[in-house]
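A.B. asks: any chance you can model this:
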Amino acid sequence: MTATTMMKMDRPEDAPGAFQAAWNAHDVAALGGLFDEDATFVNRFGHYVRGIDEIVALHAPIHETIYRDSTLENELIDVVHIADEAAVIHFWSRLAAGPAHPAGSHEVDTLILAVLTRQDGMWRIRALENVTLTNPRTGEAILRG
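C.D. replies: Alright, predicted model coming up:
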């Protein structure tokens, strides 16, 4: 893990890049810093947690083990402002797991939906849900085009 640096999100559009940077640095404290204190997080396996401490606790063990050599590549799809201080974003996320993963090196594509709110001039993630792309007929994970 690296030394924690505060990642600033001046606009909702900054969230995918900030999330990617924290993940790729394996800095779970910086990852937690992107979230509102009472935020909710649903990972790609349907595990629901609430609050920064639980979000960090969910990610710390995997960044020390199976995802310690993983990287993310995120791509913003859209931003919908639902109020002056609130926005919904969608972004693609490609996880590249490395040899540390029990299944070996492989890639997984997910679609992330996040709700962000602005407080004191800073945008924070209030809720995030991550869905793995799968073939609806077979249940197998698929990569997007």
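A.B. asks: do you know the pLDDT at the spatially most central residue of the chain?
C.D. replies: Taking CA atoms, centre = their mean as the criterion, Phe19 is the residue nearest the geometric centre of the chain, at 5.4 Å. In the predicted model, Phe19 carries a pLDDT score of 98.
A.B. asks: can you start the count at 375 instead of 1 from here on
C.D. replies: All right, first residue 375 from here; so that's Phe393.
A.B. asks: that one and Asn417: what is the separation?
C.D. replies: Between Phe393 and Asn417 the computed distance is 13 Å (CB to CB, to the nearest Å). Quick note: C-beta positions are derived from backbone N, CA and C, even for glycine.
A.B. asks: which residues does the host helix or strand of the residue nearest to the centre of the chain contact?
C.D. replies: Phe393 is located in helix 389-398, with elements delineated by DSSP states H and E. The contact list for helix 389-398 (CB atoms under 8 Å, 6 or more residues apart in numbering) reads 381-383, 402, 404-405, 407-408, 444-450, 463, 465, 467, 486, 488, 490, 497, 499.
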